[in-house]
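Chemist: Sequence first, predicted coordinates after that:
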Amino acid sequence: MKAVLLAVALWAVASSPAYAESCPAVLQHELPALRSKETLDLCERFEGKALVVVNTASHCGFAPQFEGLEALYQRYKGQGLEVLGVPSDDFFQESDDPEETAKVCYVNYGVTFAMASTQPVRGSDATPLFRELAEQAGQAPRWNFYKYVVDRQGRVVAYFPSKVKPDDPEVIAAVERALQR
């Protein structure tokens with residue numbers, strides 16, 4: 001009975017207006033985790049942290065950017081940076097098999113940052129996270145590996161198209177700016 005009461009109390013706190021107000025709109029979402037039954041509660045996991053959100057695709061020519069994203073994460077995670085990869089088949093370059101997607105990310109490229117399961121990232125079907133990112137940035141992803149840099153208050157401070165690599169000086173500067181806010 002105590003567990004039920006605790007669960008109800010936690011739900012009441014999490015769904016209260018105060019909780020919603022403390023968590024930025026861009027993070028007021030949940031996504032299923034890649035190759036897991038877990039759900040990524042974005043507020044719980046990323047609130048108060050700088051964040052790079054990137055739509056990925058395992059069979060895209062830009063997939064080697066996973067290495068650069070992992071290096072970026074390793075370089076700045078101690079300062080409060082998180083990276084969230086969101087596989088998408090919006091451009092027809094993601095596997096239908098989540099195990100294959102997971103293998104590309106975790107085995108082939110050694111990803112340790114958070115990865116969601118495959119989600120739509122453009123148009124009316126876009127997951128709410130990407131609708132919010134597109135609204136703030138004024139730009140939805142035009143291809144795989146679009147990178148959105150979000151500051152600790154949940155504001156998009158920069159976004160970068162696919163061709164801009166994670167180690168580009170402009171990306172680094174945006175991440176450092178996001179970490180300072």
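Modeler: Thanks, I have it.

Chemist: tell me the SS of residue 54?
Modeler: Here residue 54 is strand, with the state taken from DSSP: H, G, I helix; E, B strand; the rest coil.

Chemist: so where is the protein shaky, pLDDT-wise?
Modeler: 1-21 (pLDDT under 70).

Chemist: which residues sit in contact with the residue nearest in space to the middle of the chain?
Modeler: Using CA atoms, centre = their mean, the residue of the chain that lies closest to the mean C-alpha position is residue 84, 2.9 Å off. Contacts for residue 84 (CB atoms under 8 Å, 6 or more residues apart in numbering) come out as 40, 42, 46, 51-54, 113-116. Using the backbone N, CA and C atoms, a C-beta is placed for each residue, glycine as well.

Chemist: so it bridges to which residues?
Modeler: On the basis of DSSP bridges, residue 84 is bridged to residue 53, residue 114.

Chemist: distance of residue 57 from residue 143?
Modeler: The spacing between residue 57 and residue 143, counted by CB to CB, to the nearest Å, is 9 Å.

Chemist: wait, residue 165 sits on residue 66?
Modeler: No. Look at residue 165 against residue 66 with CB atoms under 8 Å: they stay out of range, at 11.2 Å.

Chemist: Tell me where the protein has strands.
Modeler: With DSSP state E, the ranges of strands along the chain come out as 30-32, 39-41, 50-56, 81-87, 114-115, 147-150, 156-160.

Chemist: Now for the closest residue to residue 96 other than its chain neighbours, how many residues are close by?
Modeler: Excluding the flanking residues, the one nearest residue 96 by CB to CB, 6 or more residues apart in numbering is residue 89, at 7.6 Å. Residue 89: 18 surrounding residues under other CB atoms under 10 Å.

Chemist: Residue 89 touches residue 117, doesn't it?
Modeler: No. Using CB under 8 Å, residue 89 is not in contact with residue 117, being 11.1 Å away.

Chemist: ok, what's across the strand from the nearest residue to residue 54 once chain neighbours are set aside?
Modeler: Closest residue to residue 54 apart from its sequence neighbours, by CB to CB, 6+ apart: residue 147 at 4.8 Å. Under the criterion DSSP bridges, residue 147 forms beta bridges with residue 54, residue 160.

Chemist: how many neighbours does residue 147 have?
Modeler: Counted with other CB under 10 Å, residue 147 comes out at 26.

Chemist: what do you get for residue 28?
Modeler: Residue 28: 17 neighbours (other CB under 10 Å).

Chemist: Residue 43 is in contact with that one, correct?
Modeler: Yes. At 6.1 Å, residue 28 counts as touching residue 43 under the criterion of CB under 8 Å.
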